[in-house]
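Structure for the following, please:
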Amino acid sequence: MEPAPRAAPSLRGLLALAWPIVVSRSSQVVVGICDAAMVAHLGEGALAATTGGAMNTFALFILPMGVVFIVSSFSSQLFGRGDPAGARRYAFYGLAIAAATQVVGVAGAPLAGAALARLDYAPEVRAAMADYLAVRLWSGGAAVGLEALGNYYGGLGNTRLPMRAGVAAMVVNVLGNWILIDGHWGAPAMGVRGAALASALSTGAAFAGLLAVFLSDGRRAGAVVPRLSGRELVRMLRFGVPSGLNWFFEFLAYAFFVNVVVAGLGTTPVAALLTVVQLNSASFMPAFGLASAGAILVGQAIGAGARDEVPRIVRLTFTATATWQGAVGIAYVLVPDHLFGPFAPDPLAGAALLETGRRMLVLSAAWQLFDAAAATLAEALRAAGDTTFTMWARVALAWLFFAPGSWIAVHRLGGGEMVAVAWLAAYLGLLALVLWLRFRGGAWRRLELVPAPLG
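You can find the predicted model right below:
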């Protein structure tokens, strides 16, 4: 089959591909923002438990999710080569990873309390966070399956279908929060556990809908389940596992930063930091959507044998991501109180939280361009199959620089929460530099993610 026709890379084409990803990714973050905002009236403890529970849930899901991110790399290259049937097979390999995640998540749910027992949280925060985790772990397979199918369709250039699933999840989650957190329509008031249940149900509903469309597409193509290959599954794991470990070890370092470095500073700094992270996640998602769209273009260019187009695509993508992130940084500096204010609704009890959050938010403006560069370069390298180097770069920087450096600065040298946040900015800046040097070196040009067809 001939390669699919491709337009020359342009900002208009990038934005057309990116905006549904931006909406989809942003809707995922809105779920976390809504969880935080809708439990904030229950107090700092509930806010810390919900945001911390969401972070720790993501830390557990990020390894298999990172593995299935590689589905986009395979599907985009195979689509660029003109092999849509081959691309579809990799979606099924991603669903196999999702099934394994579900089994592990269900088995691990009863252990959530014991896992948190040794962390330095206030007892009420720890108990509520354990409840949150025990519920959310039941949605692991759906979360990973949603990513697998979203990456498959994204690689084909169909970014609108995953967007619809993401928006549906957001709507169901917000409605579920309203019903379950405080108790409406006859439901019991479940507080933090209600936020977790709403998130789990919304994820499951969105995955079920996207899976139904995927299977229907297979029936129209004449084969719901194509002939699968153990060799292809192993090849996907060869490139996907480093991608997953890349995200896992970096996020594990971040979880260490929150659960160990910052947790000992008290509930107010923890709640403030986790809320600032939620805000940064929301503002970062448009940039990540742009970077993901750039990666799709990179994969399709490589699949079509046009590797010389890749540097231009990366420059174009970085221009877009940096423009957005620069505007975000300016907003953090100019109007931090307006952005953080909804998370501290009580002007008296929330005064310390608001002041701490405001200062953290202003400081976080320092890493916005670093975030834009790291996302653009990491996604481009992943699309080319350069996942092993990226994994080792993140592991080394996270665990040899960021985690020990921030711990020493806070617990040995007496630095406070602002020193801790400064270490986060330094880590992101160094990561962006290392990834830029790797891309500039050109090793990605010699990698072969998808083997050349025989004959």
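
Identify each of the helices in the stretch 1-150 of the chain and give its residue range.
Assigned by DSSP state H, counting those that start in this stretch, the helices in the stretch 1-150 of the chain fall at 11-39, 44-68, 70-81, 84-108, 112-116, 123-136, 140-155.

Quick one: mean pLDDT for the second one?
Mean pLDDT, taken over the full extent of helix 44-68, equals 84.

Now do that helix: which elements does it pack against?
helix 11-39, helix 84-108, helix 123-136, helix 140-155, helix 192-221, helix 230-256, helix 267-303 (3 or more C-beta pairs under 8 Å, 6 or more residues apart in numbering; DSSP states H and E). Any C-beta I mention is one placed from the backbone N, CA and C, and that applies to glycine too.

Quick one, which of the ones you listed gets closest to V167.
Among these, the nearest to V167 by C-beta to C-beta is helix 11-39 (5.1 Å).

what's the angle from that closest one to helix 123-136?
Counting by axes from the mean of the first three to the mean of the last three C-alpha atoms, to 10 degrees, helix 11-39 points 130 degrees away from the direction of helix 123-136.

Helix 11-39: which residues count as buried?
Within helix 11-39, the residues that qualify as buried are 13-14, 17-39, counting by 16 or more other C-beta atoms under 10 Å.

Distance from the chain centre to that helix, please.
Relative to the mean C-alpha coordinate of its chain, helix 11-39 is positioned 11 Å out (C-alpha atoms, centre = their mean, to the nearest Å).

still on that earlier bit, the helices of the stretch 1-150 of the chain: which one's closest to V335?
Short answer: helix 11-39, nearest of the helices of the stretch 1-150 of the chain by C-beta to C-beta, at 16.8 Å.

Let me see the mean pLDDT of the closest one.
80.

JSON lines for the helices and strands packed on helix 44-68, including distance to V71?
Formatted as JSON lines, those follow (distance: least, C-beta to C-beta, whole Å):
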{"stretch": "helix 11-39", "distance to V71": "14"}
{"stretch": "helix 84-108", "distance to V71": "4"}
{"stretch": "helix 123-136", "distance to V71": "23"}
{"stretch": "helix 140-155", "distance to V71": "4"}
{"stretch": "helix 192-221", "distance to V71": "12"}
{"stretch": "helix 230-256", "distance to V71": "7"}
{"stretch": "helix 267-303", "distance to V71": "11"}
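
Which among those is found nearest to G357?
Between these, helix 267-303 lies closest to G357; by C-beta to C-beta that is 4.1 Å.

Following that closest one in sequence, what is the next regular element?
helix 310-334 (DSSP states H and E).

any weak-confidence spans in the stretch 251-400 of the chain?
Scanning the stretch 251-400 of the chain for pLDDT under 70 picks out the ranges 345-350.

of all the helices of the stretch 1-150 of the chain, which lies closest to P226?
Closest among those, using C-beta to C-beta: helix 84-108, at 5.5 Å.

same for the closest one, what does it pack against?
Using 3+ C-beta pairs under 8 Å, 6+ apart, helix 84-108 is in contact with helix 44-68, helix 70-81, helix 140-155, helix 192-221, helix 230-256.

tell me which residues in the fourth one are buried?
For helix 192-221, burial by neighbour count (16+ other C-beta under 10 Å) applies to 192-207, 209-211, 214, 218.

In TSV: the helices and strands packed on helix 84-108, plus distance to L424.
As requested, the helices and strands packed on helix 84-108 are arranged in TSV below (distance: least, C-beta to C-beta, whole Å):
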stretch	distance to L424
helix 44-68	14
helix 70-81	27
helix 140-155	25
helix 192-221	25
helix 230-256	8
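
can you pull the contacts of A208?
A142 (C-beta atoms under 8 Å, 6 or more residues apart in numbering).

Just read off the phi/psi values of A306.
phi -120, psi 60 (degrees, to the nearest 10).

And it, how far from A291?
Per C-beta to C-beta, to the nearest Å, A306 is found 20 Å from A291.

same thing with F74?
18 Å.

returning to that earlier point: nearest to R89, out of the helices and strands packed on helix 84-108?
Counting by C-beta to C-beta, R89 lies closest to helix 230-256 out of those; the figure is 6.2 Å.

quick check: angle from the closest one to helix 84-108?
Using the same axes, to 10 degrees: helix 230-256 against helix 84-108 is 50 degrees.

Next, the angle from helix 230-256 to helix 44-68.
When the same axes, to 10 degrees is applied, the directions of helix 230-256 and helix 44-68 differ by 150 degrees.

Quick one: work out the angle between helix 230-256 and helix 70-81.
140 degrees.

in helix 230-256, what counts as buried?
Applying 16+ other C-beta under 10 Å to helix 230-256 flags 232-233, 235-237, 239-256 as buried.

Against which helices or strands is it packed?
helix 44-68, helix 70-81, helix 84-108, helix 387-397, helix 403-407.

deepest of those, which one?
helix 70-81 (a mean of 28; mean count of other C-beta atoms under 10 Å).

where does H184 land in three-state SS?
When states are read from DSSP: H, G, I helix; E, B strand; the rest coil, the local structure at H184 comes out as coil.

so how far is G43 from it?
Using C-beta to C-beta, H184 is found at 20 Å from G43.

Neighbour count: the two, which is higher?
A side-by-side neighbour count of H184 and G43, using other C-beta atoms under 10 Å, places G43 first with 16 against 11.

any chance of the helices of the stretch 1-150 of the chain in CSV, plus distance to T268?
Listed next are the helices of the stretch 1-150 of the chain as CSV, based on distance: least, C-beta to C-beta, whole Å:
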stretch, distance to T268
helix 11-39, 15
helix 44-68, 6
helix 70-81, 40
helix 84-108, 30
helix 112-116, 19
helix 123-136, 12
helix 140-155, 30
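
which regions of the stretch 101-250 of the chain lie under the pLDDT threshold?
120.

and A383, which of the helices of the stretch 1-150 of the chain is closest to it?
helix 70-81 (5.0 Å).

Cheers, nothing more for now.
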